[in-house]
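Engineer: here are the coordinates; sequence isn't available:
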């Protein structure tokens, strides 16, 4: 997928936090610490450094939701983080994004903190960010 393709998917998937532009996504893609995981109508970006991975974003277009694509992409992202020898992965998610929170909890993520009024919604109101993390035991261990 090109940065423009990724930006289109991201824009279809998010209003809070704001969607990322093709330029912003290209910056991630050019970072050797970042990995792109692609799926049918979706993608994830992770960044791994010093034994930790961050799920920067995961996006699935509305017309492809409910088909297990987000879960498949997330599981591939976890595998990629393990391959890069991450011992844990963490993320931030808007506290009102219940579908994403359910996905992360199903994968074993737990809430580790909260950032009050972190994200600004299009109408100007704010929503908290939940911080979540998941230990990543080494494969076979």
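Structural biologist: All right, it came through fine. None of the values given here were measured: they were computed from a predicted structure.
Engineer: contacts and neighbour counts: CA atoms only from here.
Structural biologist: Fine.
Engineer: got the contact list for residue 88?
Structural biologist: Under the criterion of CA atoms under 8 Å, 6 or more residues apart in numbering, the neighbours of residue 88 are 51, 52, 53, 133, 134, 135, 136, 137.
Engineer: by neighbours, which of these wins?
Structural biologist: The most crowded member of the contacts of residue 88, judged by other CA atoms under 10 Å, is residue 53 (28 neighbours).
Engineer: so what pairs up with it in the strands?
Structural biologist: For residue 53, the beta-bridge partners are residue 48, residue 89 (DSSP bridges).
Engineer: just to revisit the earlier point, okay if I get the contacts of residue 88 as CSV plus pLDDT and secondary structure?
Structural biologist: CSV is the format used below for these (pLDDT from 0 to 100; DSSP: H, G, I helix; E, B strand; the rest coil):
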residue, pLDDT, secondary structure
51, 95, coil
52, 97, strand
53, 98, strand
133, 98, strand
134, 98, strand
135, 97, strand
136, 96, coil
137, 86, coil
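Engineer: export those to a markdown table and tack on distance to residue 37?
Structural biologist: Shown next, in a markdown table, are the contacts of residue 88 (distance: CA to CA, whole Å):
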| residue | distance to residue 37 |
| --- | --- |
| 51 | 19 |
| 52 | 17 |
| 53 | 14 |
| 133 | 19 |
| 134 | 18 |
| 135 | 20 |
| 136 | 18 |
| 137 | 20 |
